[in-house]
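Enquirer: let's see this in three dimensions:
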Amino acid sequence: MSRKRNKRRRAKEQEEFSIPRKSIPADPSKQAPNNSYGPPLFYEDLVFWCRDCGSKEIWTAEQQQWYYEVAKQPIYGTAVRCTPCRAKVREAKEVQRQQMEAADKRRAGES
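Expert: This next block holds a predicted model:
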């Protein structure tokens, strides 16, 4: 078989790529721009362990689709914290923000 024919056959096989069951097809046009060779073509549930508490969690395909296509986050980002730990981190950041604003007001009042 000639090289061209082999090349065409491989290209056709890649076009016929099937999406695994229980996954959601991705829309690369809605994803954030990236300089990579292959944005995800589908989302499927991923298992991960929380960075803070160590619990086993699942990052669902629907959550990934929202993260990549609606929130426009980089395709290399993944979930690292469970929902309760994310809430704790957000709360700590909010407390810190309030403390910084209060300190800024005190400094502005001293001047």
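Enquirer: run through the strands of the protein in chain order.
Expert: 24-25, 42-43, 46-49, 56-59 (DSSP state E).
Enquirer: in JSON lines: these, plus mean neighbour count and distance to E69.
Expert: Glycine gets a C-beta too; all of them are placed from N, C-alpha and C. Output for those, formatted as JSON lines (neighbours: other CB atoms under 10 Å; distance: least, CB to CB, whole Å):
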{"stretch": "strand 24-25", "mean neighbour count": "14", "distance to E69": "10"}
{"stretch": "strand 42-43", "mean neighbour count": "18", "distance to E69": "9"}
{"stretch": "strand 46-49", "mean neighbour count": "12", "distance to E69": "16"}
{"stretch": "strand 56-59", "mean neighbour count": "14", "distance to E69": "15"}
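Enquirer: need the ones you listed in TSV (columns: distance to K93 and mean pLDDT).
Expert: Output for the strands of the chain, formatted as TSV (distance: least, CB to CB, whole Å; pLDDT from 0 to 100):
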stretch	distance to K93	mean pLDDT
strand 24-25	30	89
strand 42-43	28	90
strand 46-49	21	95
strand 56-59	21	95
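Enquirer: tell me where the model's unsure across the protein.
Expert: 1, 3-19, 36, 111 (pLDDT under 70).
Enquirer: for it, longest helix please?
Expert: Counting by DSSP state H, the longest helix found in the chain is helix 83-110.
Enquirer: buried ones in that one?
Expert: C85 (16 or more other CB atoms under 10 Å).
Enquirer: what separation is there between the nearest residue to S23 once chain neighbours are set aside and E110?
Expert: Spatial nearest neighbour of S23, chain neighbours left out: E44 (4.0 Å); criterion: CB to CB, 6 or more residues apart in numbering. Separation of E44 from E110 (CB to CB, to the nearest Å): 56 Å.
Enquirer: ditto for E101
Expert: Separation of E101 from E110 (CB to CB): 15 Å.
Enquirer: same check, this time on A79
Expert: Applying CB to CB to A79 and E110 gives a distance of 43 Å.
Enquirer: please apply the same query to K30.
Expert: Relative to E110, K30 is positioned 49 Å away (CB to CB).
Enquirer: one step back: I'd like the strands of the chain as CSV, with distance to Y68 appended.
Expert: Below are these laid out as CSV (distance: least, CB to CB, whole Å):
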stretch, distance to Y68
strand 24-25, 11
strand 42-43, 8
strand 46-49, 12
strand 56-59, 11
